[in-house]
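Colleague: when you get a sec, could you give me coordinates for this:
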Amino acid sequence: MLRIFFTLLTLCLPLPLVAQVMTVPPVDEAEADENFAAYRDRLLEAVVARDIEAILSMASDDIRLSFGGVSGHAALREFLTVSPESFPENRRFEAPAMRERNWADLETVLRMGGVFDGDGRFAAPYTWSYQPPGDMDPFEVMFVTGTGVAMRDRPIRFGTALGWLDHEVVRLLNWVSGTSYVEIERGDGTKGFVHRDYLRALVDYRAIFEKRGGDWKMVTFIAGD
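Modeller: Residues are numbered from 1 along each chain as shown. Here you go, the predicted model:
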């Protein structure tokens with residue numbers, strides 16, 4: 001049974017007003033199963049090569065792609081190709097950008113490590129296995145995905161650094177319009193702005209893998225909650 005170990009850094013405040021900064025360091029248990037590790041390497045190679053047929057062969061026939069019942073190889077192919085004809089005529093120009101985002105999301109998930117659960121399934125990325133405190137809405141949970149990430153006093157690159165974050169769990173407060181920065185709140189209650197390139201939402205895309213007929217297959221690739 002996998003356990004995600006996260007560090008609780010206690011600030012020097014009088015009890016009971018102790019605030020906590022939570023961290024979730026990256027973890028990747030793939031090497032614990034050499035067959036799975038080899039499978040994931042092949043899948044990642046197929047993603048980098050944009051080899052849709054190879055990807056389909058490594059996904060289950062009923063792969064789940066949404067909470068609305070979208071599933072199967074045909075849906076996965078559509079997700080990876082994003083035909084302009086699937087858009088209204090006045091929005092077909094959006095298809096290439098969405099296609100690239102979809103490929104990037106799949107590659108990112110595969111590269112972010114992951115963990116095995118008690119039933120032998122593998123969940124990626126590692127952030128999906130984190131259980132947020134009961135007072136946090138899952139849609140507010142964000143992970144800082146690096147070390148020494150600046151939290152600034154303003155949503156601009158040259159804002160004063162209020163602190164440096166290392167793989168922290170933070171609360172989403174606001175997507176700041178017109179900037180690449182997100183307003184967040186740390187576990188100790190301090191607030192500031194972090195560049196979105198260093199943040200990942202708990203409910204962002206994740207993949208679930210399990211053995212089907214003795215072979216590893218991707219059975220879920222989904223976002224949301």
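Colleague: okay, now the domains of this protein?
Modeller: 31-120+205-222, 131-201 (automatic domain parsing).
Colleague: so which of those domains is nearest Met22?
Modeller: Relative to Met22, the nearest member of those by C-beta to C-beta is domain 131-201, separated by 4.2 Å. (C-beta placed from N, C-alpha, C; glycine too.)
Colleague: longest helix in the chain, by residue count?
Modeller: For the chain, the longest helix by residue count, based on DSSP state H, is helix 95-111.
Colleague: that one: what's the following helix or strand?
Modeller: strand 115-116 (DSSP states H and E).
Colleague: what is that next one packed up against?
Modeller: Helices and strands touching strand 115-116, by 3 or more C-beta pairs under 8 Å, 6 or more residues apart in numbering; DSSP states H and E, are strand 122-124.
Colleague: sheet partners, orientation included, of the strand it packs on?
Modeller: According to DSSP bridges, strand 122-124 has the following sheet partners: strand 115-116 (antiparallel), strand 206-212 (antiparallel).
Colleague: name the residues that touch the shortest one?
Modeller: This points to strand 115-116. Under the contact criterion C-beta atoms under 8 Å, 6 or more residues apart in numbering, strand 115-116 has outside partners 2, 4, 27, 29, 32-33, 122-123, 126, 129.
Colleague: report the two of these separated the most.
Modeller: Ile4 and Asp33 (17.9 Å).
Colleague: what segments of the protein are helices?
Modeller: Taking DSSP H as the criterion, the chain carries its helices at 34-48, 52-57, 73-81, 95-111.
Colleague: among those, which is nearest Gly214?
Modeller: The minimum distance between Gly214 and the helices of the chain falls on helix 34-48, with 9.4 Å, by C-beta to C-beta.
Colleague: next, the angle from that closest one to helix 95-111.
Modeller: For helix 34-48 against helix 95-111, the angle by axes from the mean of the first three to the mean of the last three C-alpha atoms, to 10 degrees is 160 degrees.
Colleague: thinking again about what came up before, give me the buried entries from the contacts of strand 115-116.
Modeller: The neighbour-count test (16 or more other C-beta atoms under 10 Å) marks 27, 29, 33, 122-123, 126, 129 as buried among those.
Colleague: re earlier: buried set for the longest helix of the chain?
Modeller: Using 16+ other C-beta under 10 Å as the test for burial, helix 95-111 gives 95, 99, 102-103, 105-106, 108-110.
Colleague: any idea what the residue nearest to Asp33 when sequence neighbours are not counted is bridged to?
Modeller: Closest residue in space to Asp33, ignoring its immediate chain neighbours: Phe116 at 7.2 Å, by C-beta to C-beta, 6 or more residues apart in numbering. With DSSP bridges as the criterion, Phe116 is bridged to Phe122.
Colleague: can you give me the strands for the chain?
Modeller: Assigned strands in the chain, in chain order: 7-10, 20-23, 59-64, 115-116, 122-124, 141-144, 149-152, 161-165, 169-175, 181-185, 191-195, 199-201, 206-212, 215-222 (criterion: DSSP state E).
Colleague: how much distance is there from the fourth one to the middle of the chain?
Modeller: Think strand 115-116. Centroid separation for strand 115-116 versus its chain: 15 Å, with C-alpha atoms, centre = their mean, to the nearest Å.
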